[in-house]
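Participant: need a structure here:
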Amino acid sequence: MSIRQRRLKTAGAVCTAAVLLTGCISATANPAGLYATPIGNAPVTANPTPYSTALFCMADYARRYNLPSPRMAVGRISDYTGTVSADGGRQVTGGASLMAVSALAKSGARIVERYDTSVSELELRYANNRLIGDDGPGGSDDQQYRRILAGQVPGSDFYLVGGITEVNYNIRSGGFDAAAGQASSNTPLSVAFTGKSFVMNIAIDLRLVQTTTLEVVDVVSYQKQIIGREISAGVFDFLNGNVFDISAGEGGFEPVQLAVRALIERATVEFMANLYGAPGPEICLNASNDPLGGTTGLTGGYYPAYPNTDTNNGQTRSDPSRWHDRRDATVRRSRY
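Facilitator: Predicted structure coming up:
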């Protein structure tokens, strides 16, 4: 086959591949009204850290011994590092306060809202002007304006504040780069291997404040190291006048925001262990005999609106197949 014929054959193959690829991107919507169906079928799962189990051990301990939880609130837990990621966004999450609320819920704490009171404050203003109505004794036909009662909003006993205070890049890094090939050959073969790893860390400083006196009653400072790595290999060769260059690799980076959640949960374990008077991790050895009856779990905690905690509870909420229309047989068989 001549060089001209080989080039024409290659060009024809490229054009055919291009035509086939354009068929995958259609300008006509399918019967469901979509141009494309999103890939992936991973279900929604719980988002635990290594300290989540200890948190609902704490909740179980308090419930077992009838220990009342103080009312807890969460203030600002801000990012004080000022770090910016390569794409221009924040390197560290701005949602640390929300993570603290979830951690307190997992520990069985009674929580009062102080982080975002915008809706309550708006409705209090409306109620003060008699603009909001509630159902009266006669039901929905008996509308009465909402009354504001002195002392109707429960106060907090303690609140949690602090911040993310350190992000240190490249505490340690290392790697290797190796290559080998044939020098005295008409078809030289060469291979290459590379590997890299690096370590960074992130730290928080949190404090627990007694609301009525503004006395700082507990302080915690923690750091967590985060690792990333990358490995790749490649082969380069000439074979029958053709060039082959094949490479593959894999890389991974420990999630930075999940590290923040782990720091928050570890600190919350220590705060609540102090407030509950828990002796230590040994409380997890004596779990209650009814692990499915609690309202706390990997996803948080709640106050049950109905007595159905035997089938809806903190543990069932973390089931990745529950309510999924392709993984939950009950939902799959429904008429919807």
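Participant: quick one, strands of the stretch 201-336 of the chain?
Facilitator: 215-239, 242-253, 296-297, 300-301 (DSSP state E, counting those that start in this stretch).
Participant: what is the rounded mean pLDDT of the third one?
Facilitator: Averaging pLDDT along strand 296-297 yields 83.
Participant: please name the strands paired to it in the sheet, noting orientation.
Facilitator: The strands beside strand 296-297 in its sheet (DSSP bridges) come out as strand 300-301 (antiparallel).
Participant: can you name the next helix or strand after the worst-scoring helix or strand of the chain on mean pLDDT?
Facilitator: Least confident helix or strand, the chain: helix 3-22 with a mean of 58, by mean pLDDT, DSSP states H and E. Counting by DSSP states H and E, the next helix or strand C-terminal to helix 3-22 is helix 52-64.
Participant: hmm, who's touching that following helix?
Facilitator: 46, 67, 69, 103, 106-108, 265, 268-269, 272-273, 276, 278, 281, 283-284, 286-288, 291, 294, 296-298, 301, 314 (C-beta atoms under 8 Å, 6 or more residues apart in numbering). C-beta: built from backbone N, CA, C; applies to glycine.
Participant: check stretch 69-84 too.
Facilitator: By C-beta under 8 Å, 6+ apart, stretch 69-84 touches 62, 90-94, 96-97, 99-101, 104, 108-115, 154-167, 204, 206, 211, 264, 275-276.
Participant: quick check: buried residues in it?
Facilitator: 69, 71, 72, 73, 74, 75, 77, 79, 81, 83 (16 or more other C-beta atoms under 10 Å).
Participant: can you tell me how far the second one sits from residue 166?
Facilitator: The reference is to residue 71. Remark: distance between residue 71 and residue 166 (C-beta to C-beta, to the nearest Å) = 31 Å.
Participant: also the fifth one?
Facilitator: In this structure, residue 74 lies at 21 Å from residue 166, with C-beta to C-beta as the measure.
Participant: go through stretch 258-270 and flag the buried ones.
Facilitator: In stretch 258-270, counting by 16+ other C-beta under 10 Å, buried: 258-270.
Participant: for the record, mean pLDDT for stretch 226-238?
Facilitator: pLDDT averaged over stretch 226-238 gives 84.
Participant: ok, stretch 59-66 next?
Facilitator: Stretch 59-66 comes out at a mean pLDDT of 90.
Participant: one more: stretch 139-153?
Facilitator: Throughout stretch 139-153, pLDDT has a mean value of 83.
Participant: over to stretch 177-184?
Facilitator: The model assigns stretch 177-184 a mean pLDDT of 75.
Participant: now do that stretch: everything it contacts.
Facilitator: Outside stretch 177-184, the residues that reach it (C-beta under 8 Å, 6+ apart) are 188, 189, 190, 191, 192, 193, 194, 195, 236.
Participant: which of the residues you listed are buried, as a ChimeraX select command?
Facilitator: Listed next is the ChimeraX selection for buried residues among the contacts of stretch 177-184, using 16+ other C-beta under 10 Å:
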select :194,195,236
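Participant: in JSON lines: the contacts of stretch 177-184, plus distance to residue 335 and secondary structure.
Facilitator: As requested, those are arranged in JSON lines below (distance: C-beta to C-beta, whole Å; DSSP: H, G, I helix; E, B strand; the rest coil):
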{"residue": "188", "distance to residue 335": "67", "secondary structure": "coil"}
{"residue": "189", "distance to residue 335": "62", "secondary structure": "strand"}
{"residue": "190", "distance to residue 335": "62", "secondary structure": "strand"}
{"residue": "191", "distance to residue 335": "59", "secondary structure": "strand"}
{"residue": "192", "distance to residue 335": "58", "secondary structure": "strand"}
{"residue": "193", "distance to residue 335": "57", "secondary structure": "strand"}
{"residue": "194", "distance to residue 335": "56", "secondary structure": "strand"}
{"residue": "195", "distance to residue 335": "54", "secondary structure": "strand"}
{"residue": "236", "distance to residue 335": "59", "secondary structure": "strand"}
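Participant: mind putting the contacts of stretch 177-184 into CSV with distance to residue 127?
Facilitator: Output for the contacts of stretch 177-184, formatted as CSV (distance: C-beta to C-beta, whole Å):
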residue, distance to residue 127
188, 83
189, 80
190, 77
191, 75
192, 71
193, 70
194, 66
195, 64
236, 75
